[in-house]
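sequence first, predicted coordinates after that:
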Amino acid sequence: MATILRQTGLVDPRVTTVQASIDMATRPHTLDGLTVALLNNGKSHADLVLDATHRLLMERYHLQGTKNYEKGTPGAASRTFPLEIIEDIADQCQVVINALSD
Amino acid sequence: MTRFDLESISNDDPLGAIEFCYRMGWSDGLPVVPPTESRVREFLDYVGRESSDVVLVEPVAGRVVTAEKAAANAVMAGCLPEYFPVVLAALTGMGESAFNLHGATLSTSGMAVMAIVNGPIARELGMNAGTALFCPGTRANSTIGRALFLVMWNCTGNRPDELDRTIFGHGGRYSMCISEREEDLPNGWEPLHVDRGFHKSSNAVTVLTAGLPISGGGGSDSDAILKSIVDKMTPLQPLNKGLLMVMTPEVMRALYMAGWTKSYVKEYLYKETGRPASDYTGRKLTYTAPERISMYKGTDMVPTLERPEALDIVVAGGDGGASVMIIEVYGTGVYSASITTEIKTGSK
């Protein structure tokens, strides 16, 4: 067994590693000219937060545009985003704002 | 005060090993059986599994729980090797996408994973299905349920210093594992695993994310009992997709003798429980999306159950009371489904 703690003869019961670690994306210097994904994770009132954020972004930056995304599945807030949505965001947007609220 | 350090821990020093497990943060707060290599190997050999066999993959962080990790935690929980097939089957169910392990066990809601064991194995392992059903005291019930929590604690981040954001939680997280009084069921009243498509002679475990049981029931005849159940179910959030009712044999017999089948009971409770739509005007429902009740207007009754089959019924608990326990599933069963998995015992 690979996970025996040598000094003790005990098997380590923990899983502490994840499948993949992902580096943070490089942050842009400005939002001007970019397309921003507004990501609603399904918590109630997330739409209010995103609407307000969208309004402020439009006032302050010259965005290419925004795109709204929702998970759209029951219990969405506690599930991962579907892969096709993530891929669409990666394809269409340069910045993501993810909102959740309650 | 005894001091412990790594060098002092050995099989000759069981108290030291227990304290070591505490210091490593492996314990749920109660003493654990130290997961020695030989004991973990015994568990793996019993089920014929390799150390590296994948038992479940936590869907968000992608943590992989192997048979070795599951065995180590089952050992710590105090399981016997013959309990391990039940633990493995339960973990398999918890890994199903519909179970939604991440949300169901880490959410602010604070549910506990509950396991219901059906089939001959329950009696073979000496599981309690009767008096003091949800209480400590029976090794198989206590340690199988505890093993499931320890896997979550040590493997899938179910601890406050990692991913758990549960506000209150409840004591069921230590262990919440029961079996059904199948030997008391009359012809035509099937146990839970048969409702789920398994043969009566097969062994299966159902896992669900359970809130605190709501005690109800009472009454001297079937009509009175059913009305008292309606009273308990009506305040629940509407349109449940998953709800569990544990009823005593006394309740089941009263219903059965009056001509009620299990499916009739479900149909009756579907029709009789609910609240008028106007009750929900201006109220935020945590789990029932507004569009699901928008079709109901004014005095229209919004059913507590989305459909009759959304209610699972298990016969268990002590004698001497026409009692039921109603157990909500995380997110009214919309966010998390209960999963029944066959217990494989043949490979030992």
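On my side now, so go ahead. Numbering: from 1, shown residues only, chains lettered A, B, ... in the order given.

I'd like to know how far the closest residue to chain B within chain A sits from A:Ile89.
For chain A and chain B, the shortest gap (CB to the nearest CB) falls at A:Ser78, measuring 2.1 Å. In short, each C-beta sits where N, CA and C put it, glycine included. When CB to CB, to the nearest Å is applied, the distance between A:Ser78 and A:Ile89 equals 20 Å.

ok, those two, which is more surrounded?
Neighbour tally, A:Ser78 and A:Ile89, criterion other CB atoms under 10 Å in any protein chain shown: the higher count belongs to A:Ser78, 23 against 18.

close enough to count as contact, that one and B:Phe99?
No: with contact taken as CB atoms under 8 Å, A:Ser78 and B:Phe99 are classed as non-touching, separated by 11.3 Å.

how about the secondary structure of residue 98?
Let's take chain A. strand (DSSP: H, G, I helix; E, B strand; the rest coil).

looking at chain B here, not the other one
With three-state DSSP as the basis, B:Ala98 sits in helix.

and A:Arg55, what helix or strand is that in?
In this structure, A:Arg55 sits in helix A:46-60 according to DSSP states H and E.

got the contact list for that helix?
Helix A:46-60 is contacted by residues A:Leu31, A:Val36, A:Leu38, A:Leu39, A:Asn40, A:Leu63, A:Thr66, A:Asn68, A:Ile97, A:Ala99, A:Leu100, A:Ser101 when judged by CB atoms under 8 Å, 6 or more residues apart in numbering or on different chains.

after the helix or strand hosting B:His193 comes which helix or strand?
Take DSSP H and E as the rule and B:His193 turns out to sit in helix B:192-195. Sequence-wise, the next helix or strand beyond helix B:192-195 is strand B:204-210, with elements assigned using DSSP H and E.

so what does the helix holding B:His193 touch, helix or strand wise?
The criterion is 3 or more CB pairs under 8 Å, 6 or more residues apart in numbering or on different chains; DSSP states H and E, and the helices and strands that helix B:192-195 contacts are strand B:112-118, strand B:204-210, strand B:311-315.

need phi/psi at B:Asn240.
Torsion angles at B:Asn240 (phi, psi; degrees, to the nearest 10) stand at phi -60, psi 130.

got the phi and psi for the residue nearest to it when sequence neighbours are not counted?
Computed as CB to CB, 6 or more residues apart in numbering or on different chains, the closest residue to B:Asn240 that is not its neighbour in sequence is B:Thr332, at 4.6 Å. The phi and psi values for B:Thr332, taken as degrees, to the nearest 10, are phi 50, psi 30.

all strands for the chain, in order.
In the absence of a named chain, this looks at chain A. A:4-5, A:10-11, A:35-40, A:65-70, A:95-99 (DSSP state E).

oops, chain B please
Using DSSP E, strands in chain B cover B:54-57, B:64-66, B:112-118, B:177-179, B:204-210, B:214-217, B:243-247, B:274-276, B:301-303, B:311-315, B:323-328, B:339-342.
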